[in-house]
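1. here is the input, now give the coordinates:
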Amino acid sequence: MAAGGRRALSRRTLLVGAGAAALVAAGTVSWPAGATGAPGPAELLARIRASASQPYSGLAEASGRLGLPDLPQLEQATALFTGTTRIRAFHAGPDRWRVDELTAAGERDVYQLDGVESLWDFGSQRLTRIVGTTSLRLPRAGDLLPPDLARRILSAAPDDPITALPDRRVAGRAAAGVRLTPADPDTTVAHVDVWADAPSGLPLRVEISGRADPGRPVLISELTSVDLTAPPDDVLVPVVPPGATATEVAATDLTGALRVLGPAAPPGRLAGRGRLPRFPDLPGIGVYGSGLGGFVLVPLTGRIAGQAVDGATGAGGVPVTVTNGRAVGVSTPLLSVVIRAGGRRGALLVGTVSPSVLAQAAGELSGQAP
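-> The predicted model follows:
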């Protein structure tokens, strides 16, 4: 997401002439002494977490260099974290918004309007209305918007320490910064930096850095322009243009890549981490550990698991020792992935934890019946 970020200038220039004026560099800004808009870290964090009702419209760019392998049926999701994504957002409130993923071929739009979600695909000229809900879905462009990304991460790690960051300018606005540093020694995340509009708490920029290279963020998302007023009502209403089609699809169909028939119940504990009570409508999926030191178990069919193991091995994955079947691990600067294949069933393990944690989990899973 570095493509969307502005490079901070390292010095301030003093202009002399018709009076002395200090110009602040493009990446930093100073709040006036005693300004009420410059909150401390705890207050800024509280404003960020409470900013979901703040309306705004804007353009954003998100860039990632996670280097994830291509996984069958998950290519579009993993691509979000390995390149640059351009996004346009219209946010009137938590249940009234629109997010457009802008591509070279057109755009893919998601509408949320009073409890109804709709998807517009420019390429297929199709509007799809989502019927029902599901507790889990695959990642999409809107998840990378700075406001959503920041609130999700900061809410997942409420007890980790936070510190103030130097202020900067983002999208032409003064932004105050806060850094979250995970306390879990097994997480791959070094720190998460968020800059937000201080009065409203709306996050404008997010940087996530891995422990392997904490000085170089592996995921950056930034609003490049923003207007903190409510968008017009008409942009939130999907329209089917002449010649286009409209269909309906069940929300559960959107998680097809995450479903297998008759999966085994996920273990109550893996790699020393207890399973959290999540996703009751997706049997077999397990979430282990809390905060930024957790991982997810996704059951796979034997065919998909075998293809994924072959693909990851060809991409330079490292073999992982298991007692049944075969397994391979892939390490990125932020995410660790282990795929196990054996018999009729396999498993995908992925999380912001060290590769050794997932290797241990895969070894424990291999003791189960294939």
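2. list the contacts of residue 47.
-> Taking CB atoms under 8 Å, 6 or more residues apart in numbering, we find residue 47 in contact with 39, 196, 198, 200-201. The C-beta positions use only the backbone N, C-alpha and C, and glycine is treated the same way.
3. again with residue 227
-> Residue 227 makes contacts with 56-58, as judged by CB under 8 Å, 6+ apart.
4. can you redo these as CSV with pLDDT and neighbour count?
-> Formatted as CSV, the contacts of residue 227 follow (pLDDT from 0 to 100; neighbours: other CB atoms under 10 Å):
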residue, pLDDT, neighbour count
56, 98, 24
57, 98, 21
58, 98, 22
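5. which of those fall in strands?
-> The members of these that map onto strands under DSSP state E are 56-58.
6. closest one to residue 274 out of these, please.
-> For residue 274, the nearest member of the ones in strands among the contacts of residue 227 is residue 56. The distance, counting by CB to CB, is 38.0 Å.
7. least confident secondary structure element in the chain?
-> strand 13-15 (a mean of 21; mean pLDDT, DSSP states H and E).
8. tabulate the ones in strands among the contacts of residue 227 (a markdown table), appending distance to residue 308.
-> Listed next are the ones in strands among the contacts of residue 227 as a markdown table, based on distance: CB to CB, whole Å:
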| residue | distance to residue 308 |
| --- | --- |
| 56 | 39 |
| 57 | 39 |
| 58 | 37 |
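9. can you tell me which of the residues you listed is nearest residue 155?
-> Looking across the ones in strands among the contacts of residue 227 and measuring by CB to CB, the closest to residue 155 is residue 56, at 19.1 Å.
10. touching, that closest one and residue 89? I think so.
-> Yes. With contact taken as CB atoms under 8 Å, residue 56 and residue 89 are classed as touching, separated by 7.2 Å.
11. what residues of stretch 111-119 count as buried?
-> By neighbour count on 16 or more other CB atoms under 10 Å, the buried set for stretch 111-119 is 111-113, 117-119.
12. need the max-distance pair from these.
-> Using CB to CB, the two most remote members of the buried residues of stretch 111-119 are 113 and 119, lying 12.4 Å apart.
13. circling back: which one of the contacts of residue 47 is nearest residue 239?
-> Taking CB to CB as the measure, residue 239 lies nearest residue 200 of the contacts of residue 47, at 29.9 Å.
14. and for that closest one, the neighbour number?
-> Residue 200: 19 surrounding residues under other CB atoms under 10 Å.
15. give me the pLDDT for it.
-> Per-residue pLDDT puts residue 200 at 96.
16. and residue 280, by the same measure?
-> 69.
17. okay, strands next: where are they in the stretch 201-350 of the chain?
-> With DSSP state E, counting those that start in this stretch as the definition, the stretch 201-350 of the chain shows strands at residue ranges 203-210, 219-227, 245-250, 269-270, 273-276, 286-288, 295-301, 318-320, 326-331, 336-342, 345-351.
18. report the mean confidence score over the longest one.
-> So that's strand 219-227. 97.
19. in it, what's buried?
-> Buried-residue list, strand 219-227, by 16+ other CB under 10 Å: 219-224, 226.
20. can you list the strands that it pairs with?
-> Take DSSP bridges as the rule and strand 219-227 pairs in its sheet with strand 56-64 (antiparallel), strand 203-210 (antiparallel).
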